[in-house]
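*Asks:* coordinates only, no sequence provided:
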């Protein structure tokens, strides 16, 4: 059964185009999100189709007859002219070029998908780092205010990442503040953060005039806030403000926190750099140019698709009654251009295309989780809960589990063992328990000591070995 996702569901998903891979027929009948919906408005695809239709029409319907059906003197049909001077190459003639074209297309598409996947996981790593920190501060600090003051700077940093990406992308396309696709300047962003109680007016003013990296300043503020909270270990009533037991715990917490901040800085910088250099322009230009000119040659070659695989000048003929190329070539153009268009969109998944990521899902999810971790109250049960105790066939009693009770339902077949006293500079030794009265000096059973003596008598002496 196909997936039924409401607007509420898709608004919380980073990738809104979800599907059930087992529903192949309903998926094939969809239009939204397919390569054909990407290409239908692409001019180059329609230009190539029109060129093929012109080639096909002049090849089949230029007969050197006037409107009355009388032959025109000294007239050469297009078919005869092309046969004589520039016969349509067959698909066999274009095989080497099509092979190189196919390899380049597959490599280009694979490279674009790798970028798309890296963007997806990089966004989750940014959010995951802040989520890890929110878990730490909830465990350490007892007051909700202390938790929120540590985490809010990091949530602002994540929001700032996507705001900067949108702003740069809009400005590079010629948009200005106030346009529909422009997110606005620093004033709009700071007002949004202040409305969600994540930034004070003083902090907004400092960040506005900051000439360095704003993300690094926010990370520094978060670390400073953590150390300030640790330096004030007691609340007004004398109760401890954190659950740390010693200075070693504090040092370990600061070390963990610092490592998470360094990972956040790396992931934020990586996201910006991937947008600046998705795939080198020479390779992109090569693929786009190759696609157009190979399809242009195929537009002429597909005139011969109606006949044999042999070239027209080498005995191949064209069946004038066949129109199959008028269907095959447009599909070839749509599929090929759809692959390149899809690859181009995957290189920049933070835009407004249908396959792009829902950036609001990233930011809303992190804000809601940090708000719950820092500000909401949730007490665990002090008593706890345990499975019932049961007794197996051996007479042992323990908590019921997969490894106890159901599996140990047989009588013991092993020999009971006893642990001997530990000698100095030695490990514990385990021997079978001998009946009382059978032990000699040294703690070994009589039968075992006798066997050891016989074995020693049988051993050749050193003199005989010489």
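*Replies:* Thanks, I have it. Remember, it's a predicted structure, so these values are computed and weren't measured experimentally.
*Asks:* what's the helix or strand for residue 252?
*Replies:* If you go by DSSP states H and E, residue 252 is part of helix 247-276.
*Asks:* where do the strands sit along the stretch 101-250 of the chain?
*Replies:* Ranges of strands in the stretch 101-250 of the chain, per DSSP state E, counting those that start in this stretch: none exist.
*Asks:* can you get me a residue count around residue 237?
*Replies:* Counted with other CB atoms under 10 Å, the burial measure for residue 237 works out to 5 neighbours. Bear in mind the C-beta positions are built from the backbone N, C-alpha and C, glycine included.
*Asks:* next one: the one 4 residues further on
*Replies:* With neighbours defined by other CB under 10 Å, the count for residue 241 comes to 18.
*Asks:* any idea how far the closest residue to it other than its chain neighbours is from residue 228?
*Replies:* Among residues not flanking residue 241 along the chain, residue 235 sits closest, at 5.2 Å (CB to CB, 6 or more residues apart in numbering). Distance check for residue 235 against residue 228: by CB to CB, to the nearest Å, it reads 14 Å.
*Asks:* repeat for residue 111
*Replies:* 47 Å.
*Asks:* which of those two has more residues huddled nearby?
*Replies:* Set residue 111 next to residue 228 and count neighbours by other CB under 10 Å: residue 111 wins out with 18 against 12.
*Asks:* that one contacts residue 280, doesn't it?
*Replies:* No: counting by CB atoms under 8 Å, residue 111 stays clear of residue 280, with 9.9 Å between them.
*Asks:* what's the average pLDDT for the helix or strand following the helix holding residue 252?
*Replies:* For helix 247-276, the succeeding helix or strand toward the C-terminus, using DSSP H and E, is helix 281-301. Helix 281-301 shows a mean pLDDT of 89.
*Asks:* please name every helix or strand in contact with helix 281-301.
*Replies:* helix 43-61, helix 95-140, helix 325-346 (3 or more CB pairs under 8 Å, 6 or more residues apart in numbering; DSSP states H and E).
*Asks:* in a markdown table, list the ones you listed along with mean pLDDT.
*Replies:* Below are those laid out as a markdown table (pLDDT from 0 to 100):
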| stretch | mean pLDDT |
| --- | --- |
| helix 43-61 | 87 |
| helix 95-140 | 90 |
| helix 325-346 | 89 |
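*Asks:* in the protein, what helix or strand scores lowest on average pLDDT?
*Replies:* strand 430-432 (a mean of 43; mean pLDDT, DSSP states H and E).
*Asks:* still on that earlier bit, quick one: contacts for the residue nearest to residue 241?
*Replies:* Contact analysis of residue 235 by CB atoms under 8 Å, 6 or more residues apart in numbering lists 142, 143, 241.
*Asks:* now, which of these sits nearest residue 379?
*Replies:* residue 142 (12.0 Å; CB to CB).
*Asks:* what about that closest one, distance to residue 116?
*Replies:* 43 Å.
*Asks:* who has more neighbours, the two?
*Replies:* residue 116 (21 against 13).
*Asks:* is it correct that the more buried one is in contact with residue 346?
*Replies:* Yes: using CB under 8 Å, residue 116 makes contact with residue 346 at a distance of 3.8 Å.
*Asks:* pLDDT below threshold where in the stretch 351-466 of the chain?
*Replies:* Low-confidence segments of the stretch 351-466 of the chain, defined by pLDDT under 70: 392-393, 395, 400-466.
*Asks:* one more pass at 80, please.
*Replies:* The model of the stretch 351-466 of the chain has pLDDT under 80 over residues 382, 386-466.
*Asks:* now the stretch 151-300 of the chain
*Replies:* Using pLDDT under 80, the stretch 151-300 of the chain drops low at 233, 235-239, 277-278.
*Asks:* and with 90 instead?
*Replies:* Along the stretch 151-300 of the chain, the model assigns pLDDT under 90 to residues 165-166, 168-184, 228-247, 249-250, 269-283, 297-300.
*Asks:* which residues does residue 38 contact?
*Replies:* Contacts of residue 38 (CB under 8 Å, 6+ apart): 338, 341, 342, 345.
*Asks:* hang on, the earlier thing: tell me which of the contacts of residue 235 is nearest to residue 51?
*Replies:* Nearest member of the contacts of residue 235 to residue 51, counting by CB to CB, is residue 143, at 72.3 Å.
*Asks:* the closest one and residue 241 touch, don't they?
*Replies:* Yes: judged on CB under 8 Å, residue 143 makes contact with residue 241 at a distance of 6.2 Å.
*Asks:* which residue, other than its chain neighbours, is closest to residue 104?
*Replies:* residue 287 (5.7 Å).
*Asks:* and the one you found, how many neighbours?
*Replies:* The tally of other residues near residue 287 (other CB under 10 Å) stands at 22.
*Asks:* do the same with the one 10 residues further on
*Replies:* With neighbours defined by other CB under 10 Å, the count for residue 297 comes to 16.
*Asks:* next one: residue 275
*Replies:* With other CB under 10 Å as criterion, residue 275 counts 19.
*Asks:* doesn't residue 165 make contact with it?
*Replies:* Yes: Residue 275 is within contact range of residue 165, at 6.4 Å (criterion: CB under 8 Å).
*Asks:* spit out the residues that contact those two alike.
*Replies:* What both residue 275 and residue 165 touch, as defined by CB under 8 Å, 6+ apart, is the set residue 350.
*Asks:* mind listing what residue 193 touches?
*Replies:* Residue 193 touches 156, 159, 199, 204, counting by CB under 8 Å, 6+ apart.
*Asks:* highest neighbour count among those?
*Replies:* residue 156 (26 neighbours).
*Asks:* quick revisit: give the contact list for the residue nearest to residue 104.
*Replies:* 104, 105, 108, 340.
*Asks:* let me have these in TSV, adding neighbour count and distance to residue 377 as columns.
*Replies:* Output for these, formatted as TSV (neighbours: other CB atoms under 10 Å; distance: CB to CB, whole Å):
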residue	neighbour count	distance to residue 377
104	16	59
105	18	56
108	23	53
340	24	54
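*Asks:* okay, the residues you listed in TSV with distance to residue 3 next?
*Replies:* Output for the contacts of residue 287, formatted as TSV (distance: CB to CB, whole Å):
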residue	distance to residue 3
104	35
105	30
108	30
340	28
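*Asks:* of those, which is the nearest to residue 366?
*Replies:* Distances from residue 366 to these, taken by CB to CB, are shortest for residue 108, at 33.3 Å.
*Asks:* does the closest one touch residue 285 like I think?
*Replies:* No: if you go by CB under 8 Å, residue 108 and residue 285 don't touch, sitting 11.4 Å apart.
*Asks:* mind listing what's buried in stretch 126-138?
*Replies:* Of all the residues in stretch 126-138, those buried under the rule 16 or more other CB atoms under 10 Å are 126, 127, 128, 129, 130, 131, 133, 134, 136, 137, 138.
*Asks:* if we can go back for a sec, can you tell me which of the helices and strands packed on helix 281-301 is most buried?
*Replies:* helix 325-346 (a mean of 19; mean count of other CB atoms under 10 Å).
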